[in-house]
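**Student:** following is a predicted model, sequence given first.
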Amino acid sequence: MNIRSLTRGDGVVIGAAVLLLIASFLDIYSIDGASDSADIPSLWGSGPVVLGVVLAGVIGAALIVVARAMPQPKKVAGLDLGQFGIAFTVFAAWSALGNIFDPAGAFDGEGGFVDELGAGLGLILALIATLVMAAAAVATPLLPALKGALIPAARPAAPQPYGGQPQGGYGYPGAQQQPYGGQPGQPGQPGQPGQPFGGQPQPGQAQPQPQAPQQAQAQAQPAGDFSPFWFAVPVPRPLFAEDGSPTPIAELAPGTWYLAVEQRGANLVAQTQDGRRGVLQDTSGIQRG
């Protein structure tokens, strides 16, 4: 499971589920004229409310989150767990609405007792929580604002794409490379190239001078050459085999950094953390590291 694949919509669902659990411990009824010391049951005192509202909402939220965090969602009767979760949240909201309009249920209320009985704070908060939960579950696949990653992708602190070099060393995109055998610049002269391998500074020479062959080599490199770089995807994207097979070999999840090692037209050849390589065909909206 990869929690970095959770979206903002999933975060709203999780927050609504927490609110629903809090509401379940509050009063289910409000009684006009009742004293503060009156023993009014919570939502857990009503079986239909517990099953139709509290448990249905919590189970629905759990199914949505688990389905999103799994690389390949499980399917039951042709539907994945996320779709079952959405159905549970909608059912919970519908049940909560019914209990708001008729908190007494089948109680006949002889003597006019029902007239003084209303929905308590627990039922009201449960209705709000389930409505928010159901709305977020349904709208997440439709609204780009809710599709964004819940946990932003952190920039790699010490990327080691090739050979375990530290950040700023060989292989990290954008790093300034030192000449072979060169020494770092002297204090007070940042960015000054070092001496070539085995070279000694000349007497009277304040700072080492750049070597002409190295300058010519740098100028000979085309500006459009591809350099490996780190990137993250905004939404889950399939990674296809390099041989052109239509079956994905992996799924790139938002919130995780991947290494682009080659460019093929509009496609990128990406490498996952476990070393697998494949072709990313949809490169729209990727975030470069």
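**Tutor:** Here it is on my side, so go on. Residues are numbered from 1 along each chain as shown.

**Student:** CA only for contacts and neighbour counts going forward, please
**Tutor:** Fine.

**Student:** quick check: which element contains the closest residue to residue 118 other than its chain neighbours?
**Tutor:** Among residues not flanking residue 118 along the chain, residue 30 sits closest, at 5.0 Å (Cα to Cα, 6 or more residues apart in numbering). Secondary structure assignment for residue 30, by DSSP states H and E: strand 29-31.

**Student:** swap in residue 261?
**Tutor:** Using DSSP H and E, residue 261 sits in strand 258-264.

**Student:** again, but for residue 90
**Tutor:** Taking DSSP H and E as the definition, residue 90 sits inside helix 81-101.

**Student:** need the residues that contact that helix.
**Tutor:** Under the criterion Cα atoms under 8 Å, 6 or more residues apart in numbering, residues 49, 52-54, 56-57, 59-68, 73-75, 105, 118-119, 123-124, 126-127, 130-131, 133-134, 137-138 lie in contact with helix 81-101.

**Student:** residue 46 versus the residue nearest to residue 118, what's the distance?
**Tutor:** 14 Å (Cα to Cα, to the nearest Å).

**Student:** out of these two, which sits in the busier spot?
**Tutor:** Taking other Cα atoms under 10 Å, residue 30 and residue 46 do not tie; residue 30 has more neighbours (17 against 11).

**Student:** state the phi and psi torsions of residue 244.
**Tutor:** Backbone torsions of residue 244, given as degrees, to the nearest 10, read phi 90, psi 10.

**Student:** let me fix that, I meant to ask about residue 238.
**Tutor:** Torsion angles at residue 238 (phi, psi; degrees, to the nearest 10) stand at phi -80, psi 150.

**Student:** for it, give me its contacts.
**Tutor:** Taking Cα under 8 Å, 6+ apart as the test, what residue 238 contacts is 248-252, 280.

**Student:** tell me the bridge partners for it.
**Tutor:** Beta-bridge partners for residue 238, by DSSP bridges, are residue 251.

**Student:** change the start of the numbering to 39 and stick with it
**Tutor:** That works, and once the first residue is 39, the last one we named lands at residue 276.

**Student:** quickly note the distance from it to residue 85.
**Tutor:** 44 Å.

**Student:** tell me, how many residues neighbour residue 285?
**Tutor:** By other Cα under 10 Å, 10 other residues sit near residue 285.

**Student:** for it, which non-adjacent residue is spatially closest?
**Tutor:** Nearest residue to residue 285, sequence neighbours excluded (Cα to Cα, 6+ apart): residue 278, at 6.4 Å.

**Student:** and the pLDDT for that neighbour?
**Tutor:** On pLDDT, residue 278 comes in at 90.

**Student:** ok, it touching residue 286?
**Tutor:** Yes: using Cα atoms under 8 Å, residue 278 is in contact with residue 286, at 4.4 Å.

**Student:** who has more neighbours, those two?
**Tutor:** A direct count of neighbours by other Cα under 10 Å for residue 278 and residue 286 places residue 278 higher, at 21 against 15.

**Student:** now the more buried one. Its backbone dihedrals?
**Tutor:** The phi/psi pair for residue 278 (degrees, to the nearest 10) is phi -100, psi 160.

**Student:** residue contacts, it?
**Tutor:** 284-288, 316-319.

**Student:** look up how far residue 307 lies from it.
**Tutor:** Distance from residue 278 to residue 307, by Cα to Cα: 9 Å.

**Student:** which neighbours do those two share?
**Tutor:** Counting by Cα under 8 Å, 6+ apart, the shared contacts of residue 278 and residue 307 are 316-318.

**Student:** among those, which lie within strands?
**Tutor:** Judged by DSSP state E, the shared contacts of residue 278 and residue 307 include 316-318 as members of strands.

**Student:** same list (the residues you listed) but as JSON lines, adding neighbour count, pLDDT and distance to residue 298.
**Tutor:** Shown next, in JSON lines, are those (neighbours: other Cα atoms under 10 Å; pLDDT from 0 to 100; distance: Cα to Cα, whole Å):
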{"residue": "316", "neighbour count": "23", "pLDDT": "90", "distance to residue 298": "10"}
{"residue": "317", "neighbour count": "23", "pLDDT": "91", "distance to residue 298": "10"}
{"residue": "318", "neighbour count": "24", "pLDDT": "91", "distance to residue 298": "9"}
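
**Student:** pLDDT-wise, which helix or strand of this structure ranks last?
**Tutor:** helix 250-258 (a mean of 42; mean pLDDT, DSSP states H and E).
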